[in-house]
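Asker: next comes the sequence, and after it the predicted model I'd like to discuss.
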Amino acid sequence: MSRVPWTIKYRPKVLDEVENQEDVKKQLREWIESWLGRKPETKGLLLYGPPGTGKTTLAYALARTYGLEIIETNASDSRNMTSLRNIVERASMAGSLFNERGKLIFLDEVDGIQPRQDFGAISAILEILRNTKYPILMAANDPWDPNLRDLREAVKMIEVKRLGKVPLRRLLKRICTEERIKCEDGAIDSIIDASDGDARYAINFLESIAEGYREVKEDLVNEVLRRKERELNPFETLRNTFWAKYGWQARQAVSNSQIDYDLLMRWFSENIPVQYESLNDMWRAYDALSRASVFLSRAKKASWDMLSYTFDLMGPGVAMAEVAKKTQNWKAKWKNYQFPQLVTQLYRTKRTRDLRDQIVRKIGLHLHTSSGKVYSDVLPFALVYLSKEPEMMKNIDLSPEEINFAKSLTIHENEDVRQHIEKKRESKLKRNARRAKS
Ligand SMILES: Nc1ncnc2c1ncn2[C@@H]1O[C@H](COP(=O)(O)OP(=O)(O)OP(=O)(O)O)[C@@H](O)[C@H]1O
Ligand SMILES: [Mg+2]
């Protein structure tokens with residue numbers, strides 16, 4: 001039996017049913033009415049805001065409210081853009097827009113456009129915006145990417161905010177009533193707190209509890225929330241694995257964990273010598289972990305079925321490496337686990353890396369080349385050049401913070417980059433030499 005998820009079943013059909021977002025609805029109405037009055041104020045609108053706040057819903061509700069046909073296209077597929085261009089061209093030749101049934105063009109998730117892969121998508125949209133006789137609505141979570149600058153300037157931007165607690169509560173309670181499910185007020189409040197203004201998350205959460213238990217009780221919701229938290233806690237996963245007496249317990253600990261597998265492997269790698277005291281145990285544990293890593297890369301490249309072996313090796317493989325576990329009076333030892341070095345390092349340097357990547361991206365955009373190439377071939381020269389020609393920094397749109405960062409990069413950092421390039425060059429030479437031999 002197919003069942004419609006509640007997010008779809010209870011999706012508002014017309015603007016009046018959309019919760020919150022009063023200001024957005026007003027602006028959407030005025031905009032469409034300006035089209036209907038043949039004097040569009042702006043051709044395109046871009047709705048932006050966090051997930052699950054109703055952007056896609058608003059687009060469909062707007063079309064339905066005004067009896068418009070909605071043409072939704074994935075902007076990041078160039079074939080779609082060609083057919084969209086045809087539609088728009090035909091309309092501009094046919095003359096009046098509302099001779100036929102009016103249309104609303106909707107481009108969802110425009111921040112998903114990858115300028116390199118989806119070459120020309122942005123310029124296609126800009127062209128369509130110039131020529132269109134139909135209103136064009138777009139949506140995005142994060143419209144602040146430098147790649148979207150031209151687009152931002154060509155449309156009117158409207159922010160869609162997170163849903164407040166009151167409208168969310170109204171929404172969830174209505175669903176409970178219609179589904180005839182008993183929902184405790186405290187349970188609803190806990191769900192709302194956890195959902196952070198995201199209606200999709202809140203509705204899905206409510207549905208999953210109701211589906212499993214037929215009623216929505218506060219302690220149940222809190223238990224599920226706690227479990228979610230635990231599954232995200234690497235210390236918990238480590239402890240459950242190292243302390244597992246049986247293989248299946250260790251496997252469960254690893255496969256229940258919601259932590260990214262590569263990251264989890266680093267946690268194990270860092271903490272095997274913390275937990276185990278005998279060198280032999282450590283050796284066996286690392287042996288299992290390294291095999292787990294092999295299967296993980298196979299899983300990624302070939303088939304996710306391999307993940308099962310990764311779990312076996314990372315869980316039971318590591319847990320059973322401790323020989324003493326098989327003896328009668330073995331007791332788990334409490335240890336203070338450590339953050340993986342890499343994680344702490346990355347965390348400490350995150351801001352710096354973000355700034356560097358941002359600069360690299362902007363230079364790449366300017367030179368029409370990939371970030372990888374900029375990093376390996378251009379960056380050291382660009383930094384020297386930029387420090388001598390500060391005006392250039394403005395031309396490539398660096399923010400004041402990025403400018404300061406670029407200026408602060410010392411000879412020492414340039415030296416790092418130089419060494420990096422030198423190493424790359426050497427390995428390339430070696431590879432070429434090997435190829436020439438074989
Ligand atoms: N303002 C709202 N009023 C009522 N229901 C809403 C509202 N916003 C979201 N929902 C519910 O949440 C579901 C998801 O919302 P929607 O797909 O519109 O979010 P979105 O803003 O487009 O998210 P994303 O950024 O992830 O695309 C809808 O199907 C609907 O059930
Ligand atoms: Mg959406």
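Answerer: In hand now; what should we look at? All figures in this text were calculated on a predicted structure; none of them were measured in a lab. Numbering: from 1, shown residues only. Ligands and ions are numbered 1, 2, ... in the order given.

Asker: and the stretch 151-300 of the chain, which of its residues are near ligand 1?
Answerer: Applying CB under 6 Å from any ligand atom, we find that the stretch 151-300 of the chain lies next to ligand 1 at 163, 171, 199-200, 203. Backbone N, C-alpha and C define where each C-beta goes, glycine included.

Asker: of those - the most surrounded one?
Answerer: residue 199 (27 neighbours; other CB atoms under 10 Å).

Asker: contacting residues around that residue?
Answerer: By CB atoms under 8 Å, 6 or more residues apart in numbering, residue 199 lies in contact with 7, 19, 52-54, 163, 168, 171.

Asker: and what of residue 321?
Answerer: Residue 321 touches 276, 281-282, 284-285, 287-288, counting by CB under 8 Å, 6+ apart.

Asker: helix or strand: which one has the residue in the stretch 301-438 of the chain that ligand 2 sits nearest to?
Answerer: Nearest residue of the stretch 301-438 of the chain to ligand 2: residue 361, at 25.0 Å (CB to the ion). Assessed by DSSP states H and E, residue 361 sits inside helix 350-367.

Asker: in that helix, what's buried?
Answerer: Buried residues in helix 350-367, counted by 16 or more other CB atoms under 10 Å: 355-356, 358-365.

Asker: tell me how many other residues crowd the residue in the chain that ligand 2 sits nearest to.
Answerer: Nearest residue of the chain to ligand 2 (CB to the ion) works out as residue 56 at 3.3 Å. Other residues near residue 56 come to 17 when the count uses other CB under 10 Å.

Asker: report how many residues lie close to the residue of the stretch 51-200 of the chain found nearest ligand 1.
Answerer: The stretch 51-200 of the chain approaches ligand 1 most closely through residue 54 (2.9 Å), counting by CB to the nearest ligand atom. By other CB under 10 Å, the residues close to residue 54 number 24.

Asker: hmm, residue 160 and it touching each other?
Answerer: Yes: with contacts counted by CB atoms under 8 Å, residue 54 reaches residue 160, the gap being 6.3 Å.

Asker: please enumerate the shared neighbours of those two.
Answerer: By CB under 8 Å, 6+ apart, the residues touching both residue 54 and residue 160 are residue 21.

Asker: just the ones of the residues of the stretch 151-300 of the chain next to ligand 1 in helices?
Answerer: Using DSSP state H, 171, 199-200, 203 are the members of those that sit in helices.

Asker: what's the most distant pair in the residues you listed?
Answerer: Maximum pairwise distance among those (CB to CB): 11.0 Å, between 171 and 200.

Asker: which stretches of the stretch 201-350 of the chain form helices?
Answerer: Using DSSP state H, counting those that start in this stretch, the helices of the stretch 201-350 of the chain run over residues 218-231, 234-242, 247-256, 261-275, 279-301, 307-312, 318-319, 341-348, 350-367.

Asker: could I get those in JSON lines, plus columns for distance to residue 26?
Answerer: Shown next, in JSON lines, are these (distance: least, CB to CB, whole Å):
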{"stretch": "helix 218-231", "distance to residue 26": "35"}
{"stretch": "helix 234-242", "distance to residue 26": "46"}
{"stretch": "helix 247-256", "distance to residue 26": "46"}
{"stretch": "helix 261-275", "distance to residue 26": "45"}
{"stretch": "helix 279-301", "distance to residue 26": "48"}
{"stretch": "helix 307-312", "distance to residue 26": "49"}
{"stretch": "helix 318-319", "distance to residue 26": "58"}
{"stretch": "helix 341-348", "distance to residue 26": "43"}
{"stretch": "helix 350-367", "distance to residue 26": "35"}
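
Asker: contact partners for residue 85?
Answerer: Per CB under 8 Å, 6+ apart, neighbours of residue 85: 124, 127-128.

Asker: before we move on, what about residue 63?
Answerer: Neighbour list for residue 63: 69-70, 104, 106 [criterion: CB under 8 Å, 6+ apart].

Asker: how much space separates it from residue 137?
Answerer: Distance, residue 63 to residue 137, using CB to CB, to the nearest Å: 9 Å.

Asker: shared neighbours of the two, anything?
Answerer: 104, 106.

Asker: average pLDDT for stretch 211-223?
Answerer: Averaging pLDDT along stretch 211-223 yields 88.

Asker: can I get it in CSV, CA atoms only?
Answerer: Output in CSV follows, covering the C-alpha atoms of stretch 211-223 (Å, rounded to 0.1, in the frame of the first residue of the first chain):
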residue,chain,number,x,y,z
GLU,A,211,3.7,5.6,12.9
GLY,A,212,5.7,3.6,15.4
TYR,A,213,3.6,4.1,18.5
ARG,A,214,0.2,5.4,17.4
GLU,A,215,0.3,8.1,20.0
VAL,A,216,2.8,11.0,20.5
LYS,A,217,3.9,11.1,24.1
GLU,A,218,6.4,13.5,25.6
ASP,A,219,8.7,10.9,27.1
LEU,A,220,8.8,9.0,23.9
VAL,A,221,9.8,12.0,21.9
ASN,A,222,12.5,12.9,24.4
GLU,A,223,13.8,9.3,24.3
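
Asker: go ahead and confirm the residue of the stretch 301-438 of the chain closest to ligand 2 touches residue 146.
Answerer: Yes: using CB under 8 Å, residue 361 is in contact with residue 146, at 6.8 Å.

Asker: the helix or strand harbouring residue 73 and ligand 2 in contact?
Answerer: Assigned by DSSP H and E, residue 73 belongs to strand 69-74. No: applying CB under 5 Å from the ion, one finds strand 69-74 separated from ligand 2 by no less than 10.5 Å.

Asker: please tell me how far the residue of the stretch 301-438 of the chain closest to ligand 2 sits from residue 150.
Answerer: Counting by CB to CB - residue 361 and residue 150 are separated by 16 Å.

Asker: what helix or strand is residue 139 located in?
Answerer: Per DSSP H and E: residue 139 is located in strand 136-140.

Asker: relative to strand 69-74, how tilted is that strand?
Answerer: With axes from the mean of the first three to the mean of the last three CA atoms, to 10 degrees as the basis, strand 136-140 and strand 69-74 are set at 40 degrees to each other.

Asker: if we can go back for a sec, can you put the buried residues of helix 350-367 in a markdown table and add distance to residue 222?
Answerer: Putting those into a markdown table (distance: CB to CB, whole Å) gives the following:
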| residue | distance to residue 222 |
| --- | --- |
| 355 | 40 |
| 356 | 42 |
| 358 | 40 |
| 359 | 45 |
| 360 | 45 |
| 361 | 42 |
| 362 | 46 |
| 363 | 49 |
| 364 | 47 |
| 365 | 47 |
